[in-house]
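Asker: Below are the sequence and a predicted model; questions follow.
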Amino acid sequence: MSIFNEIKDEQLDILGEVGNIGAGHAASALANLLDRKKDMAVPFFVKVLSFEDLMDFFGGADLPVASIFLRMEGDLTGSIFFHYAV
């Protein structure tokens, strides 16, 4: 059994909330840097994929994208990959 099949819906919801909080903090910081009002809508969802399946899921390797890969270490270890269509 793959570890991807072992992740529960509640855990995915928690990861989604962490992503929403992080996106909110990032938007606030960017608004402060640019001295602009923050206006943000986040159609956020969590999908668990192997790294090999990422490109196909997002439309193929030829599609232009902006991505952020974060490695977490400490009490909570793992990786988060934020992906944005350009």
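Answerer: Happy to help now that I have it.
Asker: now the strands for the protein?
Answerer: Per DSSP state E, the chain carries strands over the ranges 65-72, 78-85.
Asker: Those into a markdown table, with extra columns for mean neighbour count?
Answerer: No exception for glycine: its C-beta is placed from N, CA and C like everyone else's. Shown next, in a markdown table, are the strands of the chain (neighbours: other C-beta atoms under 10 Å):
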| stretch | mean neighbour count |
| --- | --- |
| strand 65-72 | 10 |
| strand 78-85 | 11 |
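Asker: Going by mean pLDDT, which of the ones you listed comes out lowest?
Answerer: Least confidently modelled of the strands of the chain is strand 78-85, at a mean of 77 by mean pLDDT.
Asker: That one vs strand 65-72, what angle?
Answerer: 170 degrees (axes from the mean of the first three to the mean of the last three C-alpha atoms, to 10 degrees).
Asker: so what strands line up beside strand 78-85?
Answerer: If you go by DSSP bridges, strand 78-85 pairs up with strand 65-72 (antiparallel).
Asker: now the strands of the chain in JSON lines, with distance to Asn20?
Answerer: What follows is these, written out as JSON lines (distance: least, C-beta to C-beta, whole Å):
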{"stretch": "strand 65-72", "distance to Asn20": "15"}
{"stretch": "strand 78-85", "distance to Asn20": "12"}
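Asker: Please give me every residue in contact with Ile68.
Answerer: Ile68 makes contacts with 81-82, as judged by C-beta atoms under 8 Å, 6 or more residues apart in numbering.
Asker: Check the gap between it and Tyr84 for me.
Answerer: Going from Ile68 to Tyr84 by C-beta to C-beta, to the nearest Å gives 8 Å.
Asker: any idea how far the spatially closest residue to Asp13 that is not a sequence neighbour lies from Ala66?
Answerer: Distances taken as C-beta to C-beta, 6 or more residues apart in numbering place Val46 nearest to Asp13, at 7.8 Å, with adjacent residues excluded. Going from Val46 to Ala66 by C-beta to C-beta gives 19 Å.
Asker: now swap in Ala31 and tell me
Answerer: 18 Å.
Asker: same check, this time on Arg36
Answerer: 19 Å.
Asker: try Met55
Answerer: In terms of C-beta to C-beta, Met55 sits 14 Å off from Ala66.
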